[in-house]
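Trainee: Structural data only, the sequence is not supplied:
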């Protein structure tokens, strides 16, 4: 519930299609991301200057596990 409220107050949910399909699939969800490590994060829009909370997969944290790559 908190995630939905935060997203509502900050403009909704981010689009998973990176602008290719504006308005499509903008609904509550969790994204599995694999760029700097592997982690999950909410797709809720954030207030200006805020960073998303991310949860790294075990043994895939770029700063917490020197063998991650």
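Mentor: Received the coordinates, thanks. Note that the structure is predicted; figures quoted are calculated from it, not measured.
Trainee: So which residue is smack in the middle of this protein?
Mentor: residue 41 (3.4 Å; CA atoms, centre = their mean).
Trainee: any weak-confidence spans in this protein?
Mentor: Across the chain, the ranges flagged by pLDDT under 70 are 1-3, 66, 68-69.
Trainee: mind listing the helices for it?
Mentor: Applying DSSP state H to the chain gives helices spanning 2-9.
Trainee: quick one, strands of it?
Mentor: For the chain, the strands defined by DSSP state E occupy 30-35, 37-42, 54-56.
Trainee: who wins for proximity to residue 67 among those?
Mentor: Checking these against residue 67 by CB to CB gives strand 37-42 as the closest, at 11.8 Å. C-beta: built from backbone N, CA, C; applies to glycine.
Trainee: tell me which residues in the closest one are buried?
Mentor: 37, 38, 39, 41, 42 (16 or more other CB atoms under 10 Å).
Trainee: between those, which is nearest residue 9?
Mentor: For these, the nearest to residue 9 is residue 42 (13.5 Å; CB to CB).
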